[in-house]
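1. Sequence plus the predicted model coming up.
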Amino acid sequence: MSKSVIPYANSNAAKKDQVATMFNNISKTYDFLNHFLSLGIDIIWRKKAIKELFNDHPKYILDVATGTGDFAFEAIKILKPEKVIGVDISEGMLAVANQKINKRNMQDVFEVRIGDSEKLLFNNDEFDAVTVAYGVRNFENLENGLVDMLRVLKPGGKVVILEFSKPKVFPVKQGYNFYFKYITPTIGKLFSKDASAYTYLPESVAAFPDGEVFNALMEKVGFRNTKCRPLAFGICSIYTGVK
């Protein structure tokens with residue numbers, strides 16, 4: 001397993017506590033910077049990931065590390081489920097998600113809760129689908145998080161994970177590394193009060209065991225029919241698996 005990367009190197013706090021603090025600090029600018037730094041392509045990637053569930057018609061969905069709720073809102077728009085529950089460890093991000101829920105009058109279909117993604121407070125075999133967008137690389141223990149997502153899935157249910165990966169094709173690899181290492185932190189410092197968050201981002205992506213290595217970990221914990229679908233020459237990947 002890759003080494004653990006933390007947002008604040010001078011802190012003795014556990015990774016998940018640091019991640020919660022980091023996202024609390026950047027919650028108000030998160031959506032803007034997310035779309036700005038990706039040139040809006042993140043919206044297209046979310047749509048592609050959600051469509052992996054289109055033929056499964058899930059009625060009850062858990063969105064892990066839901067953040068400000070964008071992935072869940074996309075799922076509601078495309079899949080028309082009866083209920084989506086989003087969990088996240090950051091109260092600041094959930095506050096933004098709740099503002100969106102209230103503004104769109106979606107209280108009946110979308111609910112968010114504070115919660116640890118590695119210790120989900122739900123029953124076994126409860127959800128038709130579990131989704132995660134740009135969240136698994138922030139887990140303190142990646143394997144534990146996958147085990148718990150598998151636990152709360154109904155038999156035959158599907159997990160869809162959208163996460164940054166590392167392109168390997170020239171010149172995409174070189175351009176991507178330069179953008180992530182130099183441009184992203186610089187822009188993050190301009191618009192966010194927590195510059196460490198945008199230094200942590202490329203470091204966490206570099207340390208994440210992407211591609212077939214992540215697929216193998218999904219299979220190890222018990223997921224079947226695992227697949228990895230690279231997007232944009234491998235800048236991002238969609239992972240799917242079935243319980």
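-> Cool, got the structure.

2. Just checking: what are the partner strands of the lengthiest strand in the chain?
-> Looking across the chain with DSSP state E, the single longest strand is strand 153-164. Taking DSSP bridges as the criterion, strand 153-164 pairs within the sheet with strand 127-133 (parallel), strand 236-242 (antiparallel).

3. right, so those strands: which one is the most enclosed?
-> Across those, averaging neighbours per residue (mean count of other C-beta atoms under 10 Å) puts strand 127-133 on top, at a mean of 26. Backbone N, C-alpha and C define where each C-beta goes, glycine included.

4. The closest residue in space to Phe191 that isn't next to it in sequence: how many residues sit nearby?
-> Counting by C-beta to C-beta, 6 or more residues apart in numbering, Phe191 lies nearest to Thr29, which is 5.3 Å off, once chain neighbours are set aside. When neighbours are counted by other C-beta atoms under 10 Å, Thr29 registers 16.

5. how far does the lowest-mean-pLDDT helix or strand in the chain sit from the chain's center?
-> In the chain, the helix or strand scored least confidently by mean pLDDT, DSSP states H and E is helix 184-191, which has a mean of 79. Remark: helix 184-191 is offset 21 Å from the chain centroid, using C-alpha atoms, centre = their mean, to the nearest Å.

6. Strands of the protein, start to end?
-> Using DSSP E, strands in the chain cover 60-64, 83-88, 110-114, 127-133, 153-164, 224-231, 236-242.

7. Would you check that Leu79 makes contact with Ile50?
-> Yes - counting by C-beta atoms under 8 Å, Ile50 is a contact partner of Leu79 at 6.6 Å.

8. Looking at those two now, which is surrounded by more residues?
-> Ile50 (25 against 20).

9. tilt between the helix ranked longest in the chain and strand 83-88?
-> Ordering each helix of the chain by length in residues (DSSP state H) puts helix 15-37 first. Per axes from the mean of the first three to the mean of the last three C-alpha atoms, to 10 degrees, the angle that helix 15-37 makes with strand 83-88 is 110 degrees.

10. tell me which residues in helix 15-37 are buried?
-> Under the neighbour-count criterion of 16 or more other C-beta atoms under 10 Å, helix 15-37 has 15-27, 29-31, 33-34, 37 buried.

11. do stretch 167-176 as well
-> 167, 176.

12. pLDDT score for the residue nearest to Phe191?
-> For Thr29, the pLDDT comes out at 85.

13. Repeat that for Phe208.
-> 93.

14. For it, list the residues it contacts.
-> 2, 136-137, 163-165, 214 (C-beta atoms under 8 Å, 6 or more residues apart in numbering).
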